[in-house]
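Peer 1: below are the sequence and a predicted model; questions follow.
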Amino acid sequence: MKTNRWAFAVLGVLMTASAALAASDQVKIDSGRLKGVAKDGVTAFKGIPFAAAPVGDLRWRAPQPVKPWTGVRSAAEYGPDCMQKPFPGDAAPLGVPPAEDCLYANVWVPVRGGKKLPVMVWIYGGGFVNGGSSPAVYDGSQFAKRGVVLVSFNYRVGRFGFFAYPALSKENPSEPKGNYGYTDQIAALQWVRRNVAAFGGDPGNVTIFGESAGGGSVLTMLTSPLAQGLFQKAIVESGGGRALLMGPRYLDHSVAGGPPSAESVGVEFAKSVGIEGDDAAALAALRKLPADAVVAGLNMATMMTPTYAGPMIDGKIVVESPADAYAAGRGAKVPLMIGANSADIGFGRAPSKDALFAQFGADAAKAKAAYDPAGTAGLMQLNMAVAAAQMMIEPARFVARTIAATGEPAFLYRFSYVADSLRKQLPGALHATEIPYVFDTVAARYGEKLTDADEAMARAANAYWVNFGKTGNPNGKGLPEWPAYSPVSDELMNFTNAGPVGEPDPWKARLDLAEKLANEKK
């Protein structure tokens, strides 16, 4: 009898533990219950609507509330990424087909759970015309395994995300206009603040991070009046930092020497699809266009078309450039990590080396010494290097200096690591190539070509990002020291092929020249 009682007691404990484990994949948020999928120590909740579907009359509206559901909603699969024409050469190809109904979030949490876990929120890049949260390299499992609640979400891109039109400006006048992709980002951060505690996260310890257009979006969130208080730390990966990433276009007017207003671009797009006028009837016709007709072939290869405006200064979300905001003391004062890649993006088109260095004026000889001391570098490589310094690398230093001047911690990096299998082909770390290292998803990126060195760099990069998300400082046990940025020492963390190295910036001369040019253009 005692044996039976003991057996039943053990069985009861096991059943209780099993029930607790089963329950750990369910949460209740403000719109209903969710059931995720637990695997390898991580529970993933995917395809969670954080706003109503932006379709029909909600096309070109700020996000509206989700209609609550009854029962338990499956959160086993990604929702559609936002409507777009996928870009064949994308470093992070979409994992699901895109659709206009796309405002979904994803959450990864450690199975063991906990309360008040640090939260990190990912904002993808793609030139504001491509991108989504479903690519395999954006999987948040490794963050969760290190004790972080990782959140990603979709925001509208292309003409769905960034579009202005005279009739739109008159409709719902109290709502933000034009930058609908940014309104999605703000709505997602508000959703995190309301709901992340249900997943075990701390709404008071949120780090936003993003790359390229996502990095530029982080800078916008840092300087937007409507995003203040929604996060406590920020990371910018190759997001620029001096001017607005896509240039200074205004919602409803143009300025001398600047691009046409976003509204006028919207009118041109309407004409291109046979819709004349700019009144409510014309807007209704635009809203009835099939989604493919709104995309109209737009992606990163065709984005310089005169019928696409991109992000704009709208007066509510975006009121000024990041540089102007911080110069006036209006930017968020939070710890920051920022950097760019050693062979980052830039658009240099000088026809000769002499023409390239001539842009530096009296400093042409200094520029040649900084970029081509042996005189053996090719013109294409030099064009890229000079342009990358001006577009991404020096602006990152500028932002680090600006944040450090406010008294907040700033940490500057340069990602120079190139995958073992590509070192003979590439001059350095190309734009976006740090992402699978940051997420520790290099296996998804490199497959059978992955090496031990690649995996080691991924573990280190992910650890630095996680540490910063937890404490506002990337340093931690077993990692080389990452010096806080100071303009006096000008030190950064360089992720080299030999491993992470904290050192004085080896490209200081290049960046000083880029800084001087930027200041002369003010």
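Peer 2: The structure has been received and is ready for your questions.

Peer 1: which elements pack onto the longest strand seen in the chain?
Peer 2: The longest strand of the chain (DSSP state E) is strand 201-211. Secondary-structure packing of strand 201-211 (3 or more Cβ pairs under 8 Å, 6 or more residues apart in numbering; DSSP states H and E): strand 117-123, helix 180-195, helix 213-223, strand 233-237, helix 452-471. C-beta: built from backbone N, CA, C; applies to glycine.

Peer 1: could these go into a markdown table alongside distance to Ser254 and mean pLDDT?
Peer 2: Listed next are those as a markdown table, based on distance: least, Cβ to Cβ, whole Å; pLDDT from 0 to 100:
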| stretch | distance to Ser254 | mean pLDDT |
| --- | --- | --- |
| strand 117-123 | 29 | 98 |
| helix 180-195 | 21 | 98 |
| helix 213-223 | 21 | 97 |
| strand 233-237 | 29 | 98 |
| helix 452-471 | 40 | 98 |
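
Peer 1: and the closest residue to Gly56 other than its chain neighbours, how far from Arg61?
Peer 2: Counting by Cβ to Cβ, 6 or more residues apart in numbering, Gly56 lies nearest to Arg287, which is 6.9 Å off, once chain neighbours are set aside. Noted for Arg287: a distance of 10 Å to Arg61, by Cβ to Cβ, to the nearest Å.

Peer 1: Lys288 too?
Peer 2: 15 Å.

Peer 1: of these two, which one has the most company?
Peer 2: Neighbours per residue, other Cβ atoms under 10 Å: of Lys288 and Arg61, the larger number sits with Arg61, 20 against 11.

Peer 1: I figured the more buried one hits Tyr180, correct?
Peer 2: Yes: using Cβ atoms under 8 Å, Arg61 is in contact with Tyr180, at 7.4 Å.

Peer 1: got any residues that touch both of those two?
Peer 2: Pro54 (Cβ atoms under 8 Å, 6 or more residues apart in numbering).

Peer 1: Pro173: neighbour count?
Peer 2: Pro173 - counted by other Cβ under 10 Å - has 7 other residues nearby.

Peer 1: show me what contacts it?
Peer 2: Taking Cβ under 8 Å, 6+ apart, one finds nothing in contact with Pro173.

Peer 1: tell me the pLDDT at it?
Peer 2: pLDDT for Pro173: 91.

Peer 1: and it, what element?
Peer 2: Following DSSP states H and E, there is no helix or strand that holds Pro173.

Peer 1: what of Lys46?
Peer 2: strand 42-49.

Peer 1: what pairs with that strand, parallel or antiparallel?
Peer 2: Pairing partners of strand 42-49, with direction, according to DSSP bridges: strand 37-39 (antiparallel), strand 104-110 (antiparallel).

Peer 1: so for the last one, mean pLDDT?
Peer 2: Rounded to a whole number, the mean pLDDT of strand 104-110 is 98.

Peer 1: tell me the angle it makes with strand 117-123.
Peer 2: Here strand 104-110 runs at 140 degrees with respect to strand 117-123, directions being taken by axes from the mean of the first three to the mean of the last three Cα atoms, to 10 degrees.

Peer 1: give me the distance from strand 104-110 to the chain's centre.
Peer 2: Taking Cα atoms, centre = their mean, to the nearest Å, the mean C-alpha location of strand 104-110 is offset from the chain mean by 16 Å.

Peer 1: good, we can wrap up now.
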